[in-house]
Structure formats: C-alpha cells, structure tokens
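1. take this sequence and fold it.
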Amino acid sequence: MNDQQRAIAILALEECVDQYIADCRSRVDGFVERHFSLQDTIALQKQSLVSDLLCHPINTLWAIPSLFVKKLIEIPVKVGWRSGADLLARLPRGLKTRYQSEIERMIATELLEWPGTMGDRHISRNGLLDRIKQHEQVAPLLASGALSEKALKELSDIPPLIAEHAASRALVFDTTATVLTLMTGWLFFGDHSLGISGIGDQIARSRAKDRAASTFLFGSSLGSAFYSVFPPKPSFWQVMGATITVGLFVTAMSLLVGMLSDPCLKRVGLQHTQLTALIDAMEDHLHRQLRKRLKPALK
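-> Next up is the predicted model:
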C-alpha cells in the first residue's frame, strides 16, 4: 500500500470513528433516563448493599489524603517531572464498590457498545469495529489482510477512560462523606481534624465520664467537675464499640450520598455533561491512536 492509499484508508477510518462517536452521543439521553432515576438507583444500590458496606468507610478515610497526595505530586509533574505521571497512575483510588462496577459495565456495554460483561452475559459487540466492517472503503482492507482486526481491537484502551470517569464520580461521593465526618467531629467536639477513630475515642471518653459522674459519691455535678480534671479511661471495647457506631454512621451517610447523588446530578443535567465529556475524551483518544498506531499497521 502506497502513501496515498494509506492516507485514504486513514481518512476512511477517521470517518468510522466519527460515526461511532455520533452513535454513542445519540444514546446518552436514553442511557441517563434508564439508569439514573431515583427508582433505578435505589434498585441497583440494593443489589450491592451488603458487599459495599465495608468499602464506603475505607474510601471515606482515604478520599482526602488521596486528593492531597495527588495535588502534591501534580505540582512537580507540571514543571517536568515525568516519573510523577506514572506515580499518579499507580496511586490507589480506594476500593471499587459493586455499584461503581455495575455503572462502569453499563456505560461500556450499553452506552459505548464496548466488549465486556453485563450481569451473567458476556457482551462481545464492538460498536467501533462494527462501523469499520460496514464501511465500503475499509471493509475490503480487512478482508484482504491489509488491515488486521487485531490492530483495530488494540486501537484504543477504552476501560481506563471509563475507570477514570468512574473514579471522578466516586471521589465526589467519598469526599462528601469525609467532609461530613470532619464536620461531625467539629460540631460535637470542636475539633475539625478528627476522623472515624478519633470521634469514636472521644465518644467513648465522654460516655465513660458520664457513667463515672453518675455514681460519684458527692453527686453527679461534682462528679462531672472532678472527672473533667481526672478523666476516666474507657476500655478497649468501649472505644471499639463507639468507633464501629461512627463507622456505621459514615457508611449510612455514604450510601445516602451515593443513592441521591445520581438522581440529583441527572436532574440538573450533570450526568449528561459527564458522559458527554467521557465520549469527547474517547473521540480525541481514538483519533490520536488511529494515526499513531494504525498508520504503521497498514500494509
């Protein structure tokens, strides 16, 4: 294949990408309506409730430190530290909840028509590859072997783009729950730096003081003053019980935020905006990869 034929093939492939992206954009409104109403969100959250109970407190604890570390690394990256970009990519984003995984799968298989699993079914349809196979100029290249199907399948690494989209959604939820935790510590104990364990410890100490004051020899008022100076130490199990209670509260708040956020974002149009931004990122990535990787692959 000479340079002119390669240029024509590349233009035809770019047309296929444009048609595929247009198909994805046309599905956004229907996808948002089907999956992000309050009823649909609650139904999906119910399926993942038990498995997500542990994830939310852990993600809440990690959300703010993760954001701080990310911003800290981004500063030298912007001035030329190349290794920092790899470090950012490896930075843990917390535990992925089953709800988040389900949303990712639905985006991939329904909205983007990208191969993956949907429930117990394996979805093998590739919307972009289908477009390419139907194109009158590109289809013969596949049939003749001038363009390999393997090269097309490797054209774009879509899952990381979807994962990045899901991570940005999850960060909002986890950070919101973390802020609620910090606000709880500030409102009840005047300390905005308390986390789950710190609030649990403070609650256990407060309860131990109240119990000791109520049995003080000279009355609870004097007992409260006395134990303010000489506070009793709560037992390990009292601290553990209070910490678990706070953790359950944070979990409940996280689930509530997750349950209400998607319908609220849908109502104000942000779900549509976020998914459109994901498709825009895919379009840019596909066009860049097409010229970078497919042009050398054309025989």
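2. may I ask which helix or strand encompasses F216?
-> For F216, there is no enclosing helix or strand under DSSP states H and E.
3. what helix or strand is the nearest residue to it once chain neighbours are set aside on?
-> Nearest non-adjacent residue to F216, counting by C-beta to C-beta, 6 or more residues apart in numbering: G223, 2.6 Å away. Where you see a C-beta, it was placed from the backbone N, CA and C, and this is true even at glycine. Assignment of secondary structure by DSSP H and E places G223 within helix 220-229.
4. tell me the mean pLDDT for that helix?
-> Computed over helix 220-229, the mean pLDDT rounds to 80.
5. what residues sit buried inside the helix or strand following that helix?
-> The element immediately downstream of helix 220-229 (helix or strand, assigned by DSSP H and E) is helix 236-268. Neighbour-count burial for helix 236-268 flags 238-239, 241-243, 246-247, 249-251, 253-255, 257-259, 261-263, 265-266 (criterion: 16 or more other C-beta atoms under 10 Å).
6. same check on stretch 280-297?
-> 282-283, 285-287, 290, 294.
7. now R27: which helix or strand?
-> helix 3-35.
8. what helices and strands are in contact with that helix?
-> Contacts defined by 3 or more C-beta pairs under 8 Å, 6 or more residues apart in numbering; DSSP states H and E place helix 3-35 against helix 38-52, helix 98-106, helix 127-134, helix 270-289.
9. between those, which one is nearest to F216?
-> For those, the distance to F216 is smallest for helix 38-52, at 44.4 Å, taking C-beta to C-beta.
10. for L217, which non-adjacent residue is spatially closest?
-> Nearest residue to L217, sequence neighbours excluded (C-beta to C-beta, 6+ apart): G223, at 7.9 Å.
11. can the helices and strands packed on helix 3-35 go into a markdown table with extra columns for mean pLDDT and distance to P234?
-> Formatted as a markdown table, these follow (pLDDT from 0 to 100; distance: least, C-beta to C-beta, whole Å):
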| stretch | mean pLDDT | distance to P234 |
| --- | --- | --- |
| helix 38-52 | 76 | 30 |
| helix 98-106 | 81 | 35 |
| helix 127-134 | 82 | 59 |
| helix 270-289 | 87 | 44 |
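12. show me the one of the ones you listed that comes nearest A163.
-> Nearest to A163, of all the helices and strands packed on helix 3-35, is helix 98-106, at 6.8 Å by C-beta to C-beta.
13. elements contacting that closest one?
-> Packed against helix 98-106 by the contact rule (3+ C-beta pairs under 8 Å, 6+ apart) you find helix 3-35, helix 38-52, strand 116-118, helix 158-189.
14. least reliable of these going by mean pLDDT?
-> strand 116-118 (a mean of 54).
15. for G80, which of the helices and strands packed on helix 3-35 is the nearest?
-> Closest of the helices and strands packed on helix 3-35 to G80 is helix 270-289, at 21.7 Å (criterion: C-beta to C-beta).
16. tell me what the closest one is packed against?
-> helix 3-35, helix 158-189, helix 236-268.
17. which one of the ones you listed lies nearest to E104?
-> helix 158-189 (5.0 Å).
18. after that closest one, next one along is what?
-> Next helix or strand after helix 158-189 toward the C-terminus (DSSP H and E): helix 196-214.
19. that next one to helix 236-268, inter-axis angle?
-> 130 degrees (axes from the mean of the first three to the mean of the last three C-alpha atoms, to 10 degrees).
20. next, the buried residues of helix 196-214.
-> 196, 198-205, 207-209, 212-213.
21. same check on stretch 127-142?
-> Buried residues in stretch 127-142, counting neighbours by 16+ other C-beta under 10 Å, are found at 127-129, 131-132, 135, 138, 141-142.
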